[in-house]
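Student: When you get a sec, could you give me coordinates for this:
(chains A, B, C and D)
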Number of protein chains: 2
Amino acid sequence: MYEELKYWYLRDHKLFWTLSMSQIKQLCIIVGFRKANKGDVIYFSHSEVPRIFLLKQGNIKIVSIDEEGNETIKEILKKGDLFGELALERDTDVNEYAKALTDEVSICSFLMSDFEDLLIKNPTLALSYTKFVGLKMKRFKNNYSNLVSKDAKTRLITFLKDWAEKEGIQEGNKYTIDNYLTQTDIAQIICTSRQTATLLLNELEEKNLIFYSRKKIIIDDVKKL
Amino acid sequence: MYEELKYWYLRDHKLFWTLSMSQIKQLCIIVGFRKANKGDVIYFSHSEVPRIFLLKQGNIKIVSIDEEGNETIKEILKKGDLFGELALERDTDVNEYAKALTDEVSICSFLMSDFEDLLIKNPTLALSYTKFVGLKMKRFKNNYSNLVSKDAKTRLITFLKDWAEKEGIQEGNKYTIDNYLTQTDIAQIICTSRQTATLLLNELEEKNLIFYSRKKIIIDDVKKL
DNA sequence: ATGAATATGTCGGTTAGTTTACAATTATAA
DNA sequence: TTATAATTGTAAACTAACCGACATATTCAT
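Tutor: Residues are numbered from 1 along each chain as shown, chains lettered A, B, ... in the order given. From the prediction side, this is the model:
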């Protein structure tokens, strides 16, 4: 890949904003690059060498499988998000894979060890990165709390609001979301069965709180939700 | 507090092992110190200035309260553990407090901003710290998975095993744990009702898999559990 | 265009775990 | 020591959500 391109690939990630051009040049350690289409599975947790991945385009879900074969959706990632060995510690216990939710997914990657070297050289970047990991930790903590103390309906509504806020197109209190998830996906995200998710979505639609289709979700008034 | 003492306070935390004496001297930024006894509540999330705390002695639980007043136990901490603004980002949303589970709890603290300065100066420490936060994130991720896919009984057994491994006195496959938790605590940790926890603990005891008392828990054979 | 595959809709039966309620036991403080 | 508070034990009614089963609708590949 051209050096210039590599530069811009990292440049537009928040984490690297504080770095100068030359610093990023050092970071031009991208060693992998791949594309995928909807439904494609991208294994990464058992890759030969630990890596960090950057999702350049499209949406993917990170799914983890435990010993008994239970699949949990850990995260839904969008353009610009990082995944892989973010904790900078090889982890052979977890078994995760990514699945493309949209077409034209593109992902680049660099080696965890290269990234570590870079962090050692750039304390400011190291600090930003720590905060970034800390934020991710907080999100998991929060998901956990929701699961403990909120029922499925509340979790669905919380999820829809978050989704709208992150990716929806806003017009006053109205949000239009480009829906790349199936109801099964949504069910897994909010940790309920597909049937319950279907039921709840239809219930929200009946009350005219949302409009649901396979392509779009429209929230008429977030405040009413 | 004497400088020397401050030094040793930090010195025996894993995170600071890699630092030299002089580096730690710089870190001697401990500005707070307090003691507590069983049952005492220590508020920290809304302290005037964001801090990081180090539990020097005793055991505490970190409890968070949401808008509706639901209390969730986020963590049980033991000697040597850090808590507070670990994500290095002030967070006014979460409302957490610590509660002493044992007598003779002692806690020291330093300012988040001082710690940040130190990380900037010590890239190696920054990297260790990032890994430390990453590890914490993984633990939350793991808790979450357990909650999603395992029933209360499995969660209890997993918890007991973890606890035994971390703090129990081992003799072959037998573990003796100093029990500073009530059944209500255990219930909250594994996210179930107190009654269910009681039921399950008694069930395990009837099957002679554990011996339970308010002071001690003995696991006769971890492999059978 | 057509059949196969995937996604959504709907319905009871089942169940793990909650909730309420109260009794018994153990710890704590006066 | 004794009263009071906290913890543990137990049971029945209740419920949110799961699960299996099947129908319908939509998408995709050939």
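Student: Scan chain A for its longest helix.
Tutor: Assignment by DSSP state H gives helix A:123-149 as the longest helix of chain A.
Student: Any buried residues in that helix, and which?
Tutor: A:123, A:125-134, A:136-138, A:140-149 (16 or more other CB atoms under 10 Å in any protein chain shown). In short, each C-beta sits where N, CA and C put it, glycine included.
Student: could you list every residue that touches the nearest residue to A:Lys38 once chain neighbours are set aside?
Tutor: Distances taken as CB to CB, 6 or more residues apart in numbering or on different chains place A:Asp103 nearest to A:Lys38, at 5.0 Å, with adjacent residues excluded. The contact partners of A:Asp103, taken as CB atoms under 8 Å, 6 or more residues apart in numbering or on different chains, are A:Asn37, A:Lys38, A:Gly58.
Student: did I read that right, A:Asp103 in a strand?
Tutor: No - counting by DSSP: H, G, I helix; E, B strand; the rest coil, A:Asp103 is located in no strand; its state is coil.
Student: any idea how far it is from DNA strand C?
Tutor: 13 Å (CB to the nearest atom of the strand, to the nearest Å).
Student: what do you get for A:Ser193?
Tutor: Counting by CB to the nearest atom of the strand, the gap from A:Ser193 to DNA strand C is 9 Å.
Student: which SS class is the residue nearest to that residue when sequence neighbours are not counted?
Tutor: Distance criterion CB to CB, 6+ apart; nearest residue to A:Ser193, sequence neighbours excluded, is A:Ala187 at 6.1 Å. When classified by three-state DSSP, A:Ala187 comes out as helix.
Student: what's near enough to touch A:Ala187?
Tutor: Contacts of A:Ala187 (CB under 8 Å, 6+ apart): A:Ser193, A:Arg194, A:Thr196, A:Ala197, A:Thr198.
Student: Just among those residues, which is most surrounded?
Tutor: A:Ala197 (24 neighbours; other CB atoms under 10 Å in any protein chain shown).
Student: And the helices in chain A?
Tutor: Under the criterion DSSP H, chain A contains helices at A:3-11, A:21-27, A:112-121, A:123-149, A:152-167, A:183-189, A:194-206.
Student: Name the residues of chain A found near DNA strand D, please.
Tutor: A:Lys38, A:Asp151, A:Ala152, A:Lys153, A:Cys191, A:Thr192, A:Ser193, A:Gln195, A:Thr196, A:Arg214, A:Lys215 (CB under 7 Å from any atom of the strand).
Student: between those, which is nearest A:Ile65?
Tutor: A:Ile65 has its nearest neighbour among the residues of chain A next to DNA strand D in A:Cys191, at 15.4 Å by CB to CB.
Student: returning to that earlier point: could you check the angle the longest helix of chain A makes with helix A:112-121?
Tutor: 120 degrees (axes from the mean of the first three to the mean of the last three CA atoms, to 10 degrees).
Student: and helix A:123-149, anywhere near DNA strand C?
Tutor: No - using CB under 7 Å from any atom of the strand, helix A:123-149 stays clear of DNA strand C, with a minimum separation of 9.0 Å.
Student: and that helix, average pLDDT?
Tutor: The average pLDDT for helix A:123-149 rounds to 89.
Student: quick revisit: can I get the contacts of A:Asp103 in JSON lines with pLDDT, neighbour count and distance to DNA strand C?
Tutor: Listed next are the contacts of A:Asp103 as JSON lines, based on pLDDT from 0 to 100; neighbours: other CB atoms under 10 Å in any protein chain shown; distance: CB to the nearest atom of the strand, whole Å:
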{"residue": "A:Asn37", "pLDDT": "91", "neighbour count": "11", "distance to DNA strand C": "13"}
{"residue": "A:Lys38", "pLDDT": "92", "neighbour count": "14", "distance to DNA strand C": "9"}
{"residue": "A:Gly58", "pLDDT": "92", "neighbour count": "21", "distance to DNA strand C": "16"}
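Student: For B:Asp117, state which of those is nearest.
Tutor: Nearest to B:Asp117, judged by CB to CB, of the contacts of A:Asp103 is A:Gly58 at 39.6 Å.
Student: close enough to count as contact, that closest one and A:Ala98?
Tutor: No - A:Gly58 lies out of contact with A:Ala98 (CB atoms under 8 Å); the separation is 10.6 Å.
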